[in-house]
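In: Quick one, what's the 3D model for this:
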Amino acid sequence: MGAVIAFSNHKGGVGKTTSVVNVGAALHAMGRKVLMVDLDPQANLTQSLGLMDHAPTIYEALMGETQLEPVEVLPGLDVVTSTLDLSGAEVELSSEAGREYILKELLDPLRRRYDYILLDSPPSLGLLTINAFTAAGEVYIPLQAHYLALQGLSKLQEVVDKVGKRLNRGLRIGGVFLTQYDGRKVLNRNVGETIREHFPKETFRTVIRDNVALAEAPTQGVDVLRYQPGSHGAADYRALAKEIDKRNRKK
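Out: Numbers count the residues shown, from 1 in each chain. The predicted structure follows:
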């Protein structure tokens, strides 16, 4: 059964979608079968891979109109696309019985096909994120290396704990990693130390350095490994993927 990992942070601009795309690509480059699911109404993951014209999307599946229909990016690397229509899903599903479990039920038939299913959650703690947490085994949190990124982290941890108690027994924060990191800055290093104090077991050794190639790759509709394989961004996500895979192989 594939590992289901939700990437989440209700603060925007932390590199969450960038991380899902490039962790997925790096795991795939290691020979793993990977499915990425775009749960964000902004559809940034979908746009980053040039898949805006592909339907049906996650919206139709959540509405019960179809099953999940992944789009192949590369053999063994698939995406469930998103659409702006998803922004109305929380209201449309508000009276649906068992609405927190819809995504889990959709993903269950696919889990044997993949080694990893990566969920790109929206930057909020609403129903779509709760669906991601209910479907996932672990939550990974990307954090910018500055103090404002620490604000609201306790709220995210509180939501993960509540979902773990009420909807998805055993759900936990399984990974934390720093993004947009510049080791020359004392502030970045201090924030890194603070995060490791709060999450000593969960924090990955790998940090994602600030790298222009990570911002440029989506403009070409590809991940950074295909866009600039020799860049710091590609190297960092390869290293992070190796850490993720090593942790999961030990379970």
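
In: now the nearest residue to Leu93 once chain neighbours are set aside: how far from Leu167?
Out: Residue nearest to Leu93 in three dimensions, not counting chain neighbours: Arg99, with 4.6 Å by CB to CB, 6 or more residues apart in numbering. C-beta here means a position set from N, CA and C on the backbone, and glycine is covered the same way. With the distance defined as CB to CB, to the nearest Å, Arg99 ends up 11 Å from Leu167.

In: hang on, Val37 packs against Tyr59?
Out: No. With contact defined as CB atoms under 8 Å, Val37 does not count as touching Tyr59 (11.9 Å).

In: Looking at these two, which is more packed in?
Out: Taking other CB atoms under 10 Å, Val37 and Tyr59 do not tie; Val37 has more neighbours (29 against 23).

In: quick one: contacts for that one?
Out: 58, 68, 79-80, 103, 107, 117-120 (CB atoms under 8 Å, 6 or more residues apart in numbering).

In: Kindly report the same for Glu72.
Out: Asp78.

In: same thing but 10 Å
Out: 78-79 (CB atoms under 10 Å, 6 or more residues apart in numbering).

In: Checking it next. Helix, strand or coil?
Out: strand (DSSP: H, G, I helix; E, B strand; the rest coil).

In: I'd like to know the beta-bridge partner residues of it.
Out: Asp78 (DSSP bridges).

In: how near is it to Glu90?
Out: 29 Å.

In: hang on, the earlier thing: give me the common contacts of Arg99 and Leu167.
Out: By CB under 10 Å, 6+ apart, the residues touching both Arg99 and Leu167 are 130-131, 134.

In: May I see those arranged in JSON lines, with pLDDT, neighbour count and secondary structure as well?
Out: Formatted as JSON lines, those follow (pLDDT from 0 to 100; neighbours: other CB atoms under 10 Å; DSSP: H, G, I helix; E, B strand; the rest coil):
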{"residue": "Ile130", "pLDDT": "96", "neighbour count": "22", "secondary structure": "helix"}
{"residue": "Asn131", "pLDDT": "97", "neighbour count": "30", "secondary structure": "helix"}
{"residue": "Thr134", "pLDDT": "98", "neighbour count": "22", "secondary structure": "helix"}
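
In: now, which of those sits nearest Leu148?
Out: Ile130 (24.8 Å; CB to CB).

In: who's in contact with that closest one?
Out: Per CB under 10 Å, 6+ apart, neighbours of Ile130: 90, 99-101, 103, 121, 159, 162-163, 166-168.

In: go again using 8 Å as the cut-off
Out: Ile130 neighbours (CB under 8 Å, 6+ apart): 100, 159, 163, 167.

In: same question, Thr134
Out: Here Thr134 is in contact with 100-101, 103-104, 163, 167-168, 171 (CB under 8 Å, 6+ apart).

In: hmm, try it at 7 Å
Out: By CB atoms under 7 Å, 6 or more residues apart in numbering, the contact list for Thr134 reads 100-101, 103-104, 163, 167-168.

In: again with Lys33
Out: Here Lys33 is in contact with 76, 113-115 (CB under 7 Å, 6+ apart).

In: quick one: which of the residues you listed is nearest to Gly64?
Out: Nearest to Gly64 among the contacts of Lys33, counting by CB to CB, is Arg113 at 21.5 Å.

In: re earlier: for the residue nearest to Leu93, give me phi and psi.
Out: phi -60, psi -30 (degrees, to the nearest 10).

In: How about the one 3 residues further on?
Out: Dihedral angles phi and psi of Ile102 (degrees, to the nearest 10) take the values phi -60, psi -50.
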